[in-house]
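what would the 3D arrangement of this be:
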Amino acid sequence: MFLVFSSFIYRRVPDLSDEDYQNQITYLMNLFSHSISFVKANKILDSFNVLTFFKNQQDYQEFLLYIKSQKYWIDLSEERNREWGDIQTPLHLVDIIYQILLQLEFTPNIIIEPTFGDGNFILFTDSYFPKIELIYGIEISKIHKWNFIISLLIKLSDKTKLKNKLKYMLYTEDFFKHDFSDIEKISNSAELLIIGNPPWITVSELSSLNSKNIPMKFNKKQFRGIESITGKSNFDISESIIVQLINLFSEKKGKIALLCKNIVINNILKDLLRTQYKIGNIVSYSLDLQKEFGKKCDASLLILDLNSRENYGICEVRDIYYPNNLIKKIGWFENKFVSNIEKYTKTNFLDGKSSFIWRQGIKHDCSKVLELKHNEEGKLFNKLGESVEVEEELIYPLMKSSDLREFNINSTNRRILLTQMALNQDTLSIEMNFPKAWKYLQNHSQYFNRRKSIVYKNNLPFSIFGVGKYAFSPFKVAISGMYKKPKFAFINEIDNKPVIFDDTCYYLSFNSYKEAVFTCSILNSRICLDFLDSITFIDSKRPYTKEVLMRINLQELSNQLNFTDLKKIWNQHCFNNRKNLSEKDYYPFKNKVVKMKD
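Just a heads-up that it's a prediction; the model follows:
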């Protein structure tokens, strides 16, 4: 049993010699036994200035069994890790974060960690801030709390470590149910540091795990019914934790320093004008999450001042490894929320309303059945590997986000079976007009019945969304909503049929070849791309949405570009399918954009 402890303690308390840590482990184990009650155990902990720990005898007995089982520092199951959004912060990253706080000349009296885990943030806090008087921690997992207390007691077994009288108040509770009234009273005159790494998981992920660790309010931002249905009300648990901490402590003195996804920081910033939180001097320090946690995600250290309005609504973006280097500023500029204030000041004249209407592609949630491909012999197969024979009238070329990589795309091997040509069109007519397709759909009805989205509930059988007259125009300009860098593509008909897009794409429809080419060209101009870069947050799951694209003022954009500029764009993208387009063609296009704007 002692070898299990010693191998970990050596890593957690590196200044101990082999002999010292073995002696301290033995000392720790002798402190506790089955013969004492949880009351006596708490008195022992109280002598180490740990003021709150075991709630009852059962809690204490579970702790003893955990020690004897030799499962110290055991990994939780993968699902349990997912449920708590469990990502323990490595000690070297903790050191980087504290060095940044020291560089800011910040000296707190009280540390609060809302989800302390194994305690990497609070185990050595006094090494950085010797004037710390109290560490206040909450952790929902008993195992994490036990791991921390074992490390802490071994560290503090040398009584000289207690000379600063640092006290610990540790709670095994759900953050969302915890009563903060005691710390609110204590912290009235103190300098607070709220630090940590809240759970990296969303409400929808928790729901899929049937978890009970969910905030009371799902629809945190009061979204309309349809927005809640389509996913806008989904949010990270960490966002809810940070917002609650701001609400609780924004009137106090001190700082918040929390690791979280960039999308969480963006959401908090975006809400500032509505909420009027008393926070200021907001800085986001980006980090390499793959390097630190082995995760693919855009995340940062968020640091902000409590009880301040300095630089309100603006967030500096820096690199956590080079904190003195300013990358950019994001936030509010003249009542617009933007991702690069400097670029926006140079391109904000393009911020308006599009003359043309952007549409989202087809939503069907049944790709195994409706999305098809031709094999080398030209036969259609679905994603189940089955040969498909249906009426050609219902089959259309299909493009997805991954296809939209070039300026001009003339081919695709993908096909889609369209069950409707207009929203709410009666799908039962397929049985009479297209019997092969009807039979195919009936044979695969179980896949349609499994669709979870509420938009299909009580709707027509085999229904789809995002279809209308606009979907069948011969020429289109399309963009992937998912990629980090925008690329607008001009799409012509394929096999004399208009191209259909899936719902990861957004597009404009045209009956005129010239209008489509000119629109695609000006959208790919440097000035337009810079404008998009200034208003889009590429760390979002879907940076380019209809809302974003509709902000591009095509009238102003076309005024900035002459025909020579367009030819340069064509040459840059090796676009040769110009059909003798001339300068004389460009002016009627610009005039039409102006008239549509008016």
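
in which helix or strand would I find the residue nearest to residue 365 when sequence neighbours are not counted?
The shortest distance from residue 365 to any non-neighbouring residue, by Cβ to Cβ, 6 or more residues apart in numbering, is to residue 451 (4.6 Å). C-beta here means a position set from N, CA and C on the backbone, and glycine is covered the same way. Take DSSP states H and E as the rule and residue 451 turns out to sit in neither a helix nor a strand.

residue 451 contacts residue 369, doesn't it?
No: here residue 451 lies out of contact with residue 369, judged by Cβ atoms under 8 Å, at a distance of 10.6 Å.

neighbour-wise, which of the two wins?
Ranked by neighbour count (other Cβ atoms under 10 Å), residue 451 and residue 369 place residue 369 first, with 23 against 15.

contacting residues around residue 551?
350-354, 535 (Cβ atoms under 8 Å, 6 or more residues apart in numbering).

state the distance from the spatially most central residue of the chain to residue 131.
The centre of the chain sits closest to residue 263, judged by Cα atoms, centre = their mean, with a distance of 4.7 Å. When distance is defined by Cβ to Cβ, to the nearest Å, residue 263 is 35 Å away from residue 131.

again with residue 292
29 Å.

who has more neighbours, these two?
residue 292 (17 against 11).

doesn't residue 255 lie inside a strand?
Yes: Residue 255: assigned to a strand according to DSSP: H, G, I helix; E, B strand; the rest coil.

that one: how many residues sit nearby?
So residue 255, with other Cβ under 10 Å, has 20 neighbours.

for the stretch 351-500 of the chain, what spans make up the helices?
Using DSSP state H, counting those that start in this stretch, the helices of the stretch 351-500 of the chain run over residues 367-370, 429-433, 435-443, 445-449.

take the ones you listed and lay them out in JSON lines including mean pLDDT.
Shown next, in JSON lines, are the helices of the stretch 351-500 of the chain (pLDDT from 0 to 100):
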{"stretch": "helix 367-370", "mean pLDDT": "97"}
{"stretch": "helix 429-433", "mean pLDDT": "94"}
{"stretch": "helix 435-443", "mean pLDDT": "97"}
{"stretch": "helix 445-449", "mean pLDDT": "95"}
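
picking that back up, drop anything exposed from the contacts of residue 551.
350-352, 354, 535 (16 or more other Cβ atoms under 10 Å).

what's the closest of those residues to residue 44?
residue 535 (58.2 Å; Cβ to Cβ).

now do the contacts for the closest one.
Applying Cβ under 8 Å, 6+ apart, the residues near residue 535 are 336, 338-339, 344, 351, 548, 551.

in the lengthiest strand in the chain, which residues are buried?
Longest strand in the chain by number of residues, with DSSP state E as the criterion: strand 322-333. Across strand 322-333, burial judged by 16+ other Cβ under 10 Å covers 323, 328-333.

the nearest residue to residue 493 once chain neighbours are set aside and residue 515, how far apart?
Among residues not flanking residue 493 along the chain, residue 474 sits closest, at 5.0 Å (Cβ to Cβ, 6+ apart). Per Cβ to Cβ, residue 474 is found 11 Å from residue 515.

got the contact list for residue 548?
Going by Cβ under 8 Å, 6+ apart, residue 548 touches 532, 535-536.

same deal with residue 49?
Counted by Cβ under 8 Å, 6+ apart, residue 49 has contacts 156, 162, 165-168.

give me the pLDDT for it.
Residue 49 carries a pLDDT value of 88.

hang on, the earlier thing: what subset of the contacts of residue 49 is buried?
Of the contacts of residue 49, these count as buried by 16+ other Cβ under 10 Å: 156, 166-168.

among those residues, which are in helices?
residue 156 (DSSP state H).

looking at the buried ones among the contacts of residue 49, which is nearest residue 439?
Using Cβ to Cβ, those come closest to residue 439 at residue 168, 69.4 Å.

surely that closest one is in contact with residue 111?
No: using Cβ under 8 Å, residue 168 is not in contact with residue 111, being 9.7 Å away.

for stretch 312-320, what is the average pLDDT?
If you average the pLDDT values across stretch 312-320, you get 96.

below-threshold pLDDT in the protein: ranges please.
1-29, 33-34, 68-86, 157-164, 201-235, 595-598 (pLDDT under 70).

reformat the contacts of residue 548 as a markdown table; add secondary structure and distance to residue 95.
Shown next, in a markdown table, are the contacts of residue 548 (DSSP: H, G, I helix; E, B strand; the rest coil; distance: Cβ to Cβ, whole Å):
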| residue | secondary structure | distance to residue 95 |
| --- | --- | --- |
| 532 | helix | 38 |
| 535 | helix | 36 |
| 536 | coil | 34 |
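
just the closest of those residues to residue 504, please.
Checking the contacts of residue 548 one by one against residue 504 (Cβ to Cβ), the nearest turns out to be residue 536, at 15.5 Å.

ok so, going back, want to throw the buried residues of strand 322-333 into JSON lines with distance to residue 415?
As requested, the buried residues of strand 322-333 are exported to JSON lines (distance: Cβ to Cβ, whole Å):
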{"residue": "323", "distance to residue 415": "52"}
{"residue": "328", "distance to residue 415": "43"}
{"residue": "329", "distance to residue 415": "46"}
{"residue": "330", "distance to residue 415": "41"}
{"residue": "331", "distance to residue 415": "45"}
{"residue": "332", "distance to residue 415": "45"}
{"residue": "333", "distance to residue 415": "45"}
